[in-house]
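[1] Sharing a model prediction with you, sequence too.
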Amino acid sequence: MTRVMIVTGGSRGIGAATARLAGQRGYHVCFSYKANEAQARAVVDDIVRAGGRAVAVKADMTREDDIKRLFETCDREFGVLDVLVNNAGITGPVRRIVDLDEATLRAVLDVNVVGYILCAREAVRRMSTARGGKGGAIVNVSSRASVLGGATEWVHYAAAKGATDSLTIGLAREVGAEGIRVNAVRPGLIDTEIHAAAGAPDRVARLVGGVPLGRPGTAEEVAETVLWLASDQASYVSGALVDIGGGR
């Protein structure tokens, strides 16, 4: 039976790698993107070429109406939701707390905390056996920053990902009896465009020496773990925070 997955922020980085891998493995994939239609179209085309089905929805994950529209589009196009991957996120610029402005702080919290919680709410409303659903899985994309703290770079982002960890643990306990597993991956130094977007294009090169495995990770490596957590092979895994950091 074909399974259905929503990926937020699926047009680039870890989200795009997850959407592509899910499509290759037989999922129908509905993903959001905020602005870059060309990138979103490329992901859809890759999934279709691999024999899958996908739809991209332009939606802002800080807006409740857009979040509802994403889920409603998935309902309409593919039917019953099996997996939510909460991935859309921003770090904000590399900046010490003493120099942080309110607008940046609110933007980071809105995407990484409010957006994740609202998406989780919509998923639970569809998946919960207490509400007539058949169960499902939620995988939140957190970060090793929640443990390391992000000092001198983005403590604000690390704090948001600390909230993601708490969401994962608490929601797993809240909805486990309703057939829903909730887990998180915590990527470390992953070679994606997120570093350049934060104003630090050399960040991977600067920090890779501190990774015991001696290299940065790839988005595809994170996607493999996300897909495992979503699968039946992880059927007794819930409330877990899985580090993907090369030992860092």
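    Right, received. Where do you want to start? Residues are numbered from 1 along each chain as shown.
[2] May I have the strand or helix carrying T18 exported as PDB, CA atoms only?
    If you go by DSSP states H and E, T18 is part of helix 13-24. This file holds the C-alpha atoms of helix 13-24, laid out as PDB (Å, rounded to 0.1, in the frame of the first residue of the first chain):
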ATOM      1  CA  GLY A  13      18.800  20.800   1.700                       C
ATOM      2  CA  ILE A  14      17.600  18.100   4.100                       C
ATOM      3  CA  GLY A  15      14.000  18.600   3.100                       C
ATOM      4  CA  ALA A  16      14.600  18.100  -0.600                       C
ATOM      5  CA  ALA A  17      16.800  15.000   0.100                       C
ATOM      6  CA  THR A  18      14.000  13.600   2.300                       C
ATOM      7  CA  ALA A  19      11.300  14.200  -0.300                       C
ATOM      8  CA  ARG A  20      13.400  12.700  -3.100                       C
ATOM      9  CA  LEU A  21      14.300   9.600  -1.100                       C
ATOM     10  CA  ALA A  22      10.700   9.100   0.100                       C
ATOM     11  CA  GLY A  23       9.500   9.400  -3.600                       C
ATOM     12  CA  GLN A  24      12.100   6.700  -4.600                       C
END
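[3] list the helices and strands that helix packs on?
    strand 4-7, strand 28-33, helix 37-49, strand 53-58, strand 83-86, helix 219-230 (3 or more Cβ pairs under 8 Å, 6 or more residues apart in numbering; DSSP states H and E). Bear in mind the C-beta positions are built from the backbone N, C-alpha and C, glycine included.
[4] swap the cut-off to 6 Å and go again
    strand 4-7, strand 28-33, helix 37-49, helix 219-230 (3 or more Cβ pairs under 6 Å, 6 or more residues apart in numbering; DSSP states H and E).
[5] could these go into CSV alongside distance to V242?
    As requested, the helices and strands packed on helix 13-24 are exported to CSV (distance: least, Cβ to Cβ, whole Å):
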stretch, distance to V242
strand 4-7, 17
strand 28-33, 21
helix 37-49, 24
helix 219-230, 6
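[6] With respect to T18, which of those lies nearest?
    helix 219-230 (4.3 Å; Cβ to Cβ).
[7] Other residues contacting stretch 206-226?
    13-14, 17-18, 21, 85, 139, 185, 187, 189-192, 204, 242, 244, 246-248 (Cβ atoms under 6 Å, 6 or more residues apart in numbering).
[8] before we move on, the earlier item: may I see the helices and strands packed on helix 13-24 arranged in TSV, with mean neighbour count and mean pLDDT as well?
    As requested, the helices and strands packed on helix 13-24 are exported to TSV (neighbours: other Cβ atoms under 10 Å; pLDDT from 0 to 100):
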stretch	mean neighbour count	mean pLDDT
strand 4-7	28	98
strand 28-33	28	98
helix 37-49	16	97
helix 219-230	21	98
